[in-house]
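Chemist: Here is the input, now give the coordinates:
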Amino acid sequence: MKIGIVRVGQVDSSVISRIQEGLDTIFANTKTTLIAETLPIPEEAYAKTRQQYRSEFILGAIRNFGETHNSFDRILGIVDVDLFVPKLNFIFGEAEYPGKVAAISLWRLRPEFYGKAEDNQVLAERGTKEAVHELGHTLGLKHCANPFCVMYFSNSIFETDRKQSLFCNKCYLKTMITADKGKVLEKRV
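Modeler: Numbering: from 1, shown residues only. Presented below is the predicted three-dimensional model:
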């Protein structure tokens, strides 16, 4: 599987590099590439009343970008703005289910958002978990009831920190059946 990572707006490249390394470690037979181009954040994504960005517009921009970069099996957009969908206060990411594109936001994954000291290692670990989660949705995986599985729905940063960056056995088996014509996609570590 070939995953392209695209920055949407201003995003710290060192954190993206660590997320890229994490994806290459977690998914077997995968080559993750940081795309040189940076997408602008769509102006229509900003909701002035909420002071947040609607993820569907960002996901749409990534989808349009992906149509011209069809050498990738999946495209993951990474933003550093606060995302939301209607009916939820915020989201860490969103993806096509199943599909080709996904997006994650680093905004609420940052320790300093919660009054803690800046810590790029924690940010990269959280970003990797959310990237694997959203890519799991593109592979056809739904949310998992196992709170330690990467596919568990994180409604808070506590839940993101608690879960692992790996699929549980049930979700792993589903990726084996549904993704990439049966190729093993995740390394078991």
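Chemist: Run through the strands of this structure in chain order.
Modeler: For the chain, strands defined by DSSP state E occupy the ranges 2-8, 31-39, 46-47, 52-54, 74-79, 83-84, 93-95, 101-105.
Chemist: which of the residues in the biggest helix by length in the chain are buried?
Modeler: Longest helix of the chain, by residue count under DSSP state H: helix 120-138. Judged by neighbour count using 16 or more other CB atoms under 10 Å, the buried positions of helix 120-138 are 122-138. (C-beta placed from N, C-alpha, C; glycine too.)
Chemist: just stretch 1-13 next, same as before
Modeler: For stretch 1-13, the neighbour count (16+ other CB under 10 Å) marks 1, 3, 4, 5, 6, 7, 8, 9, 11 as buried.
Chemist: Per-residue pLDDT of the residue most central in space within the chain, please?
Modeler: Nearest to the mean C-alpha position of the chain, by CA atoms, centre = their mean, lies residue 131 at 2.7 Å. According to the prediction, residue 131 has pLDDT 98.
Chemist: any idea how far residue 91 is from it?
Modeler: Using CB to CB, to the nearest Å, residue 131 is found at 14 Å from residue 91.
Chemist: do residue 171 as well
Modeler: 20 Å.
Chemist: do residue 140 as well
Modeler: Taking CB to CB as the measure, residue 140 falls 19 Å from residue 91.
Chemist: which one of those two has more residues nearby?
Modeler: Counting neighbours by other CB atoms under 10 Å for residue 140 and for residue 91 shows that residue 91 has the greater number, 20 against 14.
Chemist: dump the residue contacts of that one.
Modeler: Residues counted as contacts of residue 91 (CB atoms under 8 Å, 6 or more residues apart in numbering) are 55, 83, 84, 85, 105.
Chemist: For the last one, grab the count of nearby residues.
Modeler: Read that as residue 105. The number of residues packed around residue 105, counting by other CB under 10 Å, is 28.
Chemist: Please apply the same query to the third one.
Modeler: Other residues lying near residue 84 total 19 when counted by other CB under 10 Å.
Chemist: Bridged to it, which residues?
Modeler: According to DSSP bridges, the residues that bridge with residue 84 are residue 54.
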